[in-house]
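J.: here is the input, now give the coordinates:
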Amino acid sequence: MEKPTMASALRHLASCREFIEALCRKPQQATNGWPDLSPRLPGIKFRSMTDALTIDTPDIDYRHRRQRVRLDTILRLRWLAALGQLSAIFIVVQGLEFDLPVVPCLAVISVSALLNLGLQIAFNPMQLLEPAHAGGLLALNIVELTVLLYLTGGLENPFSYMFLAPVLIAATALPVRLTITLGLLAVACATALFFMHLPLPWEGEEPLIFPPIYLFGVWLSIALAIGVTSLYAFQVTEEARKLSDALAATELVLAREQHLTQLDGLAAAAAHELGTPLATIVLISRELERALQDNGQVTSDIKTLREQAQRCREILGKITQLSSTGSMFDRMKLSTLIEETVAPHRDFGVDIKVRVAVTAAKEPVGTRNPAILYGVGNILENAVDFARNAVEVNAWWNNETVEIVVSDDGPGFAPDILKRIGQPYLSRRRSAEEVQGGNQGGGLGLGVFIARTLLERTGAKVSFTNRTFPDHGAVVQIAWPRRRFEASEDSDEAEP
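T.: The predicted model follows:
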């Protein structure tokens with residue numbers, strides 16, 4: 001055994017310090033292996049470690065955020081259009097043997113091809129275009145199509161419906177303002193072609209002439225098709241984008257909660273690794289204290305060193321108890337889960353009444369699931385925000401079902417959003433707060449969506465209703481199959 005000396009004690013102290021410094025660097029390095037979703041949702045951040053599941057959303061409106069288009073995407077579409085135009089000219093001239101102004105048409109297509117080549121050479125095709133630049137290229141497509149249609153019969157040409165293509169692309173990728181501008185440009189070009197165009201290529205000496213009423217019908221159908229299909233494409237794309245952003249926010253909540261969960265394991269590892277050198281320090285300092293009893297000053301310093309090392313051991317022992325698997329913090333009864341979610345909201349001037357029904361079945365015990373805690377807590381927070389005087393939290397269970405019902409005495413859900421409640425970016429918080437207190441803040445409508453998504457991932461069914469008249473207020477019912485709620489419980493405890 002190593003002879004106890006001050007040098008050996010200091011050496012063990014140095015090893016403890018090195019381990020603690022490495023431990024401080026560990027969480028930052030560990031996050032490199034987890035998904036970093038912050039760039040996908042700029043502005044959503046967490047306030048603190050204790051509020052890790054509270055989303056802080058500054059004044060950024062994600063509902064109007066549009067994704068930009070790559071230059072390569074626009075160029076591919078332009079090359080496809082040029083190839084289709086060349087194919088159409090070849091079929092009409094060689095296959096149908098119609099008289100067509102081939103040279104002017106090829107000149108227009110050549111200019112388009114040269115522009116495509118110039119853009120590919122001058123710029124990186126993978127770069128994201130600003131909306132105005134992408135809109136400019138789509139507007140150029142409309143102008144090129146107008147010139148080709150002018151040379152080949154105007155609105156009499158069946159390819160006049162190709163005006164829809166650039167506007168539909170804009171509706172799925174560009175802001176509303178640019179989409180409307182391109183739609184108006186397409187309608188204006190179609191209007192010009194109604195009055196000015198060369199004859200439609202046709203067989204025989206007599207040109208094919210359509211009556212004006214028919215051409216007006218073609219023009220009207222093009223205008224209506226641009227409006228209707230663009231609106232439909234915009235709505236579908238916008239809903240998909242909202243859902244994508246909202247799911248990204250949900251993933252962000254789960255990733256941050258996973259980070260916090262990993263800290264428990266890190267604390268247990270620290271307690272285990274530091275236990276041995278601290279025990280050695282205590283032992284050496286005790287031996288040195290006995291060997292140097294005659295030197296009062298040195299003995300006092302060594303005693304202080306031993307006491308502080310022993311204090312460190314006691315702290316690490318507490319950390320080990322809190323982080324050990326199977327502790328009371330890993331699993332919780334339903335009543336404990338409810339109390340933990342209710343506790344942070346008791347000091348906001350709203351009376352929260354908790355009623356837990358006692359049944360013949362044993363009270364369910366489930367894993368301390370962050371998704372359940374966040375989901376129930378978010379619904380409870382909304383109830384407290386909108387309640388006038390009181391919020392009720394009722395819970396009951398049997399051998400098949402576990403259910404929590406949260407209700408308030410506020411205005412309840414508006415009829416127009418009751419069937420859509422739980423969808424992303426659906427919020428009436430601003431108007432409610434203005435009525436109650438003039439607060440100008442407002443949510444993005446992500447909270448209930450995230451709560452519902454997390455709860456449904458745990459097997460819960462979440463339903464939203466209003467109280468029956470003459471009572472008023474919102475009611476949220478959360479029900480799990482008991483087996484899902486107790487999914488990770490030991491088999492001997494699963495059955496009551």
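J.: can you give me the strands for the chain?
T.: 45-46, 55-56, 331-333, 351-356, 365-367, 390-397, 401-408, 461-466, 474-481 (DSSP state E).
J.: report pLDDT for the residue sitting nearest the centre point of the chain.
T.: Residue closest to the average C-alpha location in the chain (CA atoms, centre = their mean): Ala248, at 2.3 Å. Per-residue confidence at Ala248 stands at 71 (pLDDT).
J.: tell me how far it lies from Lys242.
T.: Plainly put, Ala248 is 11 Å away from Lys242 if you go by CB to CB, to the nearest Å. (Glycine included, C-beta is placed from N, CA and C.)
J.: what of Pro415?
T.: Counting by CB to CB, the gap from Pro415 to Lys242 is 22 Å.
J.: neighbour-wise, which of those two wins?
T.: The residue with more neighbours, out of Pro415 and Lys242, is Lys242; 21 against 8, by other CB atoms under 10 Å.
J.: residues in contact with the residue lying closest to Glu289 once chain neighbours are set aside?
T.: Excluding its sequence neighbours, the residue lying closest to Glu289 (CB to CB, 6 or more residues apart in numbering) is Ile302, at 4.8 Å. Going by CB atoms under 8 Å, 6 or more residues apart in numbering, Ile302 touches 285, 288-289, 292.
J.: out of these, list just those in helices.
T.: Among those, the members found in helices (DSSP state H) are 285, 288-289.
J.: among the residues you listed, which ones are buried?
T.: Among the ones in helices among the contacts of Ile302, those classed as buried by 16 or more other CB atoms under 10 Å are 285, 288-289.
J.: want to throw those residues into JSON lines with pLDDT and distance to Val350?
T.: JSON lines is the format used below for those (pLDDT from 0 to 100; distance: CB to CB, whole Å):
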{"residue": "Ser285", "pLDDT": "75", "distance to Val350": "55"}
{"residue": "Leu288", "pLDDT": "76", "distance to Val350": "61"}
{"residue": "Glu289", "pLDDT": "73", "distance to Val350": "59"}
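J.: burial count for the residue lying closest to His472 once chain neighbours are set aside?
T.: Computed as CB to CB, 6+ apart, the closest residue to His472 that is not its neighbour in sequence is Gly412, at 5.6 Å. Around Gly412 there are 19 other residues, counting by other CB under 10 Å.
J.: Gly412 contacts Arg467, correct?
T.: Yes - with contacts defined as CB atoms under 8 Å, Gly412 counts as touching Arg467 at a distance of 6.7 Å.
J.: list the residues that contact both of those two?
T.: 473-474.
J.: so, low pLDDT: which residues of the chain?
T.: Filtered on pLDDT under 70, the chain yields the residue ranges 1-67, 204-205, 246-247, 249-251, 253-273, 275, 295-296, 316-330, 422-446, 488-496.
J.: tell me which residue of this protein is furthest from the middle?
T.: Outermost residue of the chain (CA atoms, centre = their mean): Asp294, 68.7 Å.
J.: picking up where we left off before, for Ala233, state which of the buried ones among the ones in helices among the contacts of Ile302 is nearest.
T.: Of all these, Ala233 sits closest to Ser285, with 75.8 Å by CB to CB.
J.: grab the nearest non-local neighbour of the closest one.
T.: Arg306 (3.9 Å).
J.: give me the neighbour count for the one you found.
T.: Arg306: 20 neighbours (other CB under 10 Å).
J.: which ones are touching Leu224?
T.: So Leu224 contacts nothing (CB under 8 Å, 6+ apart).
J.: ok, Thr237 next?
T.: Thr237 neighbours (CB under 8 Å, 6+ apart): 171-173.
J.: so it versus Leu114, what's the distance?
T.: 32 Å.
J.: again with Asn157
T.: 24 Å.
J.: between those two, which is the more surrounded one?
T.: Neighbours around Asn157 and Leu114, counted as other CB under 10 Å, are more numerous at Asn157. The numbers are 20 against 10.
J.: quick check, the more buried one in contact with Leu200.
T.: Yes - with contacts counted by CB under 8 Å, Asn157 reaches Leu200, the gap being 6.3 Å.
J.: mind putting the strands of the chain into CSV with distance to Pro212 and mean neighbour count?
T.: Shown next, in CSV, are these (distance: least, CB to CB, whole Å; neighbours: other CB atoms under 10 Å):
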stretch, distance to Pro212, mean neighbour count
strand 45-46, 62, 16
strand 55-56, 60, 16
strand 331-333, 78, 17
strand 351-356, 73, 14
strand 365-367, 74, 18
strand 390-397, 68, 20
strand 401-408, 64, 22
strand 461-466, 56, 16
strand 474-481, 59, 20
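J.: ok, which of those comes nearest Leu220?
T.: Nearest to Leu220, of those and by CB to CB, is strand 461-466 at 43.6 Å.
J.: distance from the closest one to the middle of the chain?
T.: Put simply, strand 461-466 sits 23 Å off its chain's centre (CA atoms, centre = their mean, to the nearest Å).
J.: and for stretch 208-217?
T.: With CA atoms, centre = their mean, you get 51 Å for stretch 208-217.
J.: quick one: end-to-end distance for that stretch.
T.: 17 Å (CA to CA, to the nearest Å).
J.: residues in contact with it: which ones?
T.: Contacts of stretch 208-217 (CB under 8 Å, 6+ apart): 154-156, 194, 199-200, 202.
J.: ranking the residues you listed by neighbours, who comes first?
T.: Most surrounded of the contacts of stretch 208-217: other CB under 10 Å gives Leu155, at 26 neighbours.
J.: residue contacts, it?
T.: 149, 190, 193-194, 197, 215, 218-219, 222 are the contacts of Leu155 under CB under 8 Å, 6+ apart.
J.: those residues in helices, which ones?
T.: Using DSSP H, the contacts of Leu155 in helices are 149, 190, 193-194, 215, 218-219, 222.
J.: the stretch 1-150 of the chain: helices as residue ranges?
T.: 6-30, 71-90, 102-122, 131-151 (DSSP state H, counting those that start in this stretch).
J.: return the most buried member of these.
T.: Each of the helices of the stretch 1-150 of the chain was scored by mean neighbour count; the highest is helix 131-151, a mean of 19, by mean count of other CB atoms under 10 Å.
J.: mind checking how far it is from the chain centre?
T.: 35 Å.
J.: packing partners of it?
T.: With contacts taken as 3 or more CB pairs under 8 Å, 6 or more residues apart in numbering; DSSP states H and E, helix 131-151 sits against helix 71-90, helix 102-122, helix 164-173, helix 176-195.
J.: and the longest one, how far out from the chain's middle?
T.: Taking CA atoms, centre = their mean, one finds helix 102-122 lying 42 Å from the centre of the chain it belongs to.
J.: what helices and strands are in contact with that helix?
T.: helix 71-90, helix 131-151.
J.: got the angle for the longest one vs helix 71-90?
T.: It stands for helix 131-151. 0 degrees (axes from the mean of the first three to the mean of the last three CA atoms, to 10 degrees).
J.: Val376: neighbour count?
T.: There are 24 residues near Val376, going by other CB under 10 Å.
J.: residues contacting it?
T.: 337-338, 341, 404, 406, 451, 455, 478.
J.: ok, Ala223 next?
T.: So Ala223 contacts 187, 190 (CB under 8 Å, 6+ apart).
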